[in-house]
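**Q** here you go, sequence then predicted model.
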Amino acid sequence: MMSNISFKILSLVHIFLALPTVNAFYLPGAAPRNYVEGEQVDLFVNALTPMLSGSNGAKLASVYNCIVVFCLPPSCRNPSLTPADGPKQQPESLGSVLFGDRIFNSPYDIKMLKDNGTCKTLCTVPDVSVEDAKFVNSRIREDYAINWLIDGLPAAEMKIDTKTKDIFFDMGFNLGNNDGENQNSPVLNNHYEIVLRYHKPSPDTFRVVGVLVWPKSIGGPQDAHPTCDADEHTPLILSEDSPIQTIRYTYRVTWNESDTPWATRWDNYLHVFDPRIHWFSLLNSIVIVVFLCVMVSMILFKNISRDINRYNAIDISEDVQEDWGWKLVHGEVFRSPQNPLFLSIMVGNGAQLCAMASVTLVFALLGFLSPSNRGSLATVMMVCWSIFGGIGGYFSSRVYASLGGTNRRKNAFMTATALPTFIFIVVFVLNFFLLMAGSSGAVPFGTLALIIVLWYGISAPLSAVGSYFGTKHGAVESPVRVNAIPRQIPPGPKYLKPWVSAILGGILPFGATFVELYFILSSLFASRAYYAFGFLALTAGVVVLTTATVTILFTYFLLCAEEYRWQWRSFVIGGGSAFWVLAYGLFYWATRLNLATMSNIALYLGYLFLLSLLDFLATGTIGFLAAYWAVRRLYTAIRVD
């Protein structure tokens, strides 16, 4: 039996180990766009976003500037003065909007295989004020990047990984440059060398498979004859003292044929940094979880089996002998804990989160979350959360009944509304900070209304249905009776104190995940695509096993110390990794980010708190359910007179 289980586990491990090494093949969300020679190739512009670089760190707010992004005159700030044929916003998915994408069309004139190498003037922006110059120079100093999209591919700069020497495409390109001699007077990139790579699936059909941009700065008289040769002129510096200035934007498109097929065109973008660190962390975590599983197995199958045999071997004809160890609390272990309503609500929401995360990871592993569908990850998470409301309601109602709760309607209502309402209030408040920061990432009112519909129009009714079926199935029957009078609890060791055990119990699960957490945060703040879902899935599996085994271990120690109030303790111990996630988030802020304004600090801390809360609910639920299963198995196996 054990060998069969071991074989299945090893088979799963081998399958998952192969996933990170598979090429970046994905099931695209749309069919390839085929172009013919001379057909218009649209270039869309997105918000300016900060890049993660060296000493500057990163900012949170993404911004729009109509002069830089749209190449419009300063009057564009007044909507009534904007031309009717000006930029128009493109339709976006829910996740794309939540991640801060604000995509518009642009005046760039690009036709397939036409005007190859021709220098073109995009526009000349007159009357650039001192305020505009200060704004642009500040964004350059903060290392902001311009973001374009052509045929669903982001414009990128070609870079080399210094560790692996691999060439990859880094999404976005610098708004300007303030390195070296330009530190005091940043230069603005007003010329773009656009290299479009195309593939020919047939003689008369062309597909875009790569977008590269080399930005340059061309100064000199901005009203003279246009030129695309940056070597002939000094860089363009926007003076913060001159009242009126002019900026001319130019670009040149070069077409390069490529043998990269459309299906694998994202390979150059989806670069995995430091793969050896991923593997080392993963193997280290697997060794730890195997060690923990062996330890828990020894406790459950050796020590406990020995105790059970000893208890059951007592001759009932002999005098009553005093129990010892965890059997002493057999009449208390299933006593209803304090606040069973809140515990069951947290377990229900945690189960819903686990289901959402599991299905989202499966979709990501199968390639359904194509990077060409911007925001698909967040969209799938939001939809999965809504449709899995029934799981949350079912788990909450059954746990509530098993813990002795009687107010079933209150349980059903609060399970469906408590967490979504709290998250919505926090996000709504943080949205004001985005508005105060002038960020284009502020969530529009229509998107907030859609979230309300998803949570309260779909998730809440499904949660009520789940609560109905959970109530119908009733409580899980306890294997032993509960004493009428509670037993006195003796003083326990210090390492079993509530917060001490929670912090200790969270070390190993957090240790299994902090490397992936670092890469996710780095990708987020550097505006890079994170696509190491094979590593992430394995890490998630290790975290689940580690959380479950650590919680069972601590619960066994609690029962041996005659501490029978294990329900809340198991949830807090299981969720102990959230405290370390919070601490690591603060450490990352102190060492990697430069959040100078109060709005950015509030945004970061607010979202970090939400991340830690969701982690606490998910891992706490895993710990509670694992401990509940172990305790039931433990006390079902003994004979109580």
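**A** That came in fine, so what should we check first? Numbers count the residues shown, from 1 in each chain.
**Q** please make it C-alpha for all contacts and neighbour counts, starting now.
**A** Fine.
**Q** for the chain, longest helix please?
**A** Under DSSP state H, the helix in the chain containing the largest number of residues is helix 598-636.
**Q** which parts of that helix are buried?
**A** 599-606, 608-610, 612-628, 630-632, 634-635 (16 or more other C-alpha atoms under 10 Å).
**Q** may I see the buried residues of the helix or strand containing Leu122?
**A** Assessed by DSSP states H and E, Leu122 sits inside strand 119-128. Applying a neighbour-count criterion of 16+ other C-alpha under 10 Å, one finds Cys119, Lys120, Thr121, Leu122, Cys123, Thr124, Val125, Pro126, Val128 buried in strand 119-128.
**Q** ok, the second one - contacts?
**A** So that's Lys120. For Lys120, the set of contacting residues under the criterion of C-alpha atoms under 8 Å, 6 or more residues apart in numbering consists of Pro226, Thr250, Tyr251, Arg252.
**Q** could you rerun that using 6 Å?
**A** Neighbour list for Lys120: Thr250, Tyr251 [criterion: C-alpha atoms under 6 Å, 6 or more residues apart in numbering].
**Q** could you report the pLDDT at it?
**A** Each residue has a pLDDT score; the one for Lys120 is 89.
**Q** swap in the last one?
**A** The score at Val128 is 80. That number is its pLDDT.
**Q** and it, how far is that from Trp568?
**A** Applying C-alpha to C-alpha, to the nearest Å, the value for Val128 to Trp568 is 62 Å.
**Q** ok, then the element right after whatever helix or strand Ala502 lives in?
**A** Secondary structure assigned from DSSP H and E places Ala502 in helix 498-525. Under the assignment DSSP H and E, the closest C-terminal helix or strand after helix 498-525 is helix 533-560.
**Q** and that next one with helix 598-636, angle?
**A** With axes from the mean of the first three to the mean of the last three C-alpha atoms, to 10 degrees defining the directions, helix 533-560 sits at 50 degrees from helix 598-636.
**Q** how long is stretch 486-497 from one end to the other?
**A** End-to-end distance of stretch 486-497 (C-alpha to C-alpha): 20 Å.
**Q** residues of it that come out buried?
**A** Judged by neighbour count (16+ other C-alpha under 10 Å), stretch 486-497 contains these buried residues: Leu496.
**Q** what number of residues lie near the residue nearest to Lys494 when sequence neighbours are not counted?
**A** In space, and not counting its chain neighbours, Lys494 is closest to Val500: 7.5 Å by C-alpha to C-alpha, 6 or more residues apart in numbering. A total of 13 residues lie near Val500 under the criterion other C-alpha atoms under 10 Å.
**Q** how is the chain divided into domains?
**A** With the TED database serving as the domain definition, the record reports that the chain contains domains spanning 39-269, 275-286+336-637.
**Q** where does the stretch 251-400 of the chain dip in pLDDT?
**A** Judged by pLDDT under 70, the stretch 251-400 of the chain has its weakly predicted residues at 274-275, 299-300, 302-325.
**Q** and if we set it to 90?
**A** Low-confidence segments of the stretch 251-400 of the chain, defined by pLDDT under 90, span residues 262-336, 364-378.
**Q** where exactly do the strands run in it?
**A** Chain-ordered strands for the stretch 251-400 of the chain, with DSSP state E, counting those that start in this stretch as the definition, do not occur.
**Q** what's the end-to-end length of stretch 162-175?
**A** Stretch 162-175 has an end-to-end distance of 23 Å (criterion: C-alpha to C-alpha).
**Q** sorry, back to before: so which elements touch the helix holding Ala502?
**A** Using 3 or more C-alpha pairs under 6 Å, 6 or more residues apart in numbering; DSSP states H and E, the elements in contact with helix 498-525 are helix 533-560, helix 566-574, helix 577-592.
**Q** for the shortest one, packing partners?
**A** Counting by 3+ C-alpha pairs under 6 Å, 6+ apart, the packing neighbours recorded for helix 566-574 are helix 498-525, helix 533-560, helix 598-636.
**Q** ok, back up a step: pLDDT score assigned to the residue nearest to Lys494?
**A** The model's pLDDT for Val500 equals 92.
**Q** extract the CA atoms of stretch 196-206 and return them as CSV.
**A** This file holds the C-alpha atoms of stretch 196-206, laid out as CSV (Å, rounded to 0.1, in the frame of the first residue of the first chain):
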residue,chain,number,x,y,z
LEU,A,196,9.3,44.7,-36.2
ARG,A,197,10.0,41.0,-36.6
TYR,A,198,7.7,39.1,-38.9
HIS,A,199,7.1,35.5,-39.9
LYS,A,200,5.8,34.2,-43.2
PRO,A,201,3.5,31.2,-42.8
SER,A,202,2.7,31.5,-46.5
PRO,A,203,4.1,33.5,-49.4
ASP,A,204,1.6,36.3,-49.2
THR,A,205,0.8,36.2,-45.4
PHE,A,206,2.8,37.9,-42.7
